[in-house]
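Colleague: Give me a 3D structure for the following:
(one chain, ligands or ions: 1)
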Amino acid sequence: MNSARNLIAVAVMAGSLAATAAWAETAPDDVKFEDGAVAMSVSGNAGDAKAGAGVFKNKKLGNCLACHANSDMKNELFHGEVGPALDGVADRYSVDQLRAIVANSKEVFGDQTVMPGFYTLKVGKNPAKEFAGKTILSAQDVEDVVAYLATLKE
Ligand code: HEC
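Modeller: Residues are numbered from 1 along each chain as shown. Next up, the predicted model:
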């Protein structure tokens, strides 16, 4: 057996696996918004509601509680009132609409909304260096938060 040839075969296989993974995730600029909805998972995977609850209350990630009250998290100390309370939000929006709101609220509510776009590179002019070229949430964080929001029914 020629071990160099085996090595090459392994490298080629690894390369095509990486390509598959990159294809499954949608890059922020490629997310398709149609009528206030995003029809496909941006990570290519299903969301996990439990992980999404963590993203929701994490001040370094979603920090959603800074602006939204949420009775499902009544043990958390601070609930902001800048945005509407999210109780029963899954009765008001479909999963695809919730995904659009979280990925880039400006596409749904317009540029004037104070809600950040969590999966977009359009973070305004002259972004601070640490934010340039990055999104606030990863594609999987978005799917996890959306899965969590989908549990908020009245
Ligand atoms: C800086 C404040 C702010 C933060 C942080 C924020 N939002 Fe919002 N959000 C708003 C505002 C304001 C609105 C109302 C839309 C508008 O601007 O008219 C809104 C609207 C929404 C709506 C639609 C609610 C409805 O009943 O119409 C959802 C869902 C939502 N936000 C989810 C989230 C999630 C999930 C997070 C965290 C990942 C988050 N928001 C973080 C301010 C915020």
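
Colleague: Against Ile101, how distant is Ala51?
Modeller: Relative to Ile101, Ala51 is positioned 19 Å away (C-beta to C-beta, to the nearest Å). C-beta coordinates here come from the backbone N, C-alpha and C atoms, glycine included.

Colleague: List the contacts of the residue nearest the centre of the chain.
Modeller: By C-alpha atoms, centre = their mean, the chain has its centre lying nearest to Val142, at 1.8 Å. Residues near Val142 by C-beta atoms under 8 Å, 6 or more residues apart in numbering: 42-43, 47, 99, 102-103, 118-119.

Colleague: secondary structure element for it?
Modeller: Per DSSP states H and E: Val142 is located in helix 139-149.

Colleague: how about the CA coordinates for that helix, as PDB?
Modeller: Only the C-alpha atoms of helix 139-149 are listed here, as PDB (Å, rounded to 0.1, in the frame of the first residue of the first chain):
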ATOM      1  CA  ALA A 139     -26.300  30.700  13.100                       C
ATOM      2  CA  GLN A 140     -27.000  28.000  15.700                       C
ATOM      3  CA  ASP A 141     -27.700  30.500  18.400                       C
ATOM      4  CA  VAL A 142     -30.400  32.000  16.200                       C
ATOM      5  CA  GLU A 143     -32.000  28.600  15.600                       C
ATOM      6  CA  ASP A 144     -31.900  27.800  19.400                       C
ATOM      7  CA  VAL A 145     -33.500  31.200  20.300                       C
ATOM      8  CA  VAL A 146     -36.200  30.700  17.700                       C
ATOM      9  CA  ALA A 147     -36.900  27.200  19.100                       C
ATOM     10  CA  TYR A 148     -37.200  28.700  22.500                       C
ATOM     11  CA  LEU A 149     -39.500  31.500  21.300                       C
END
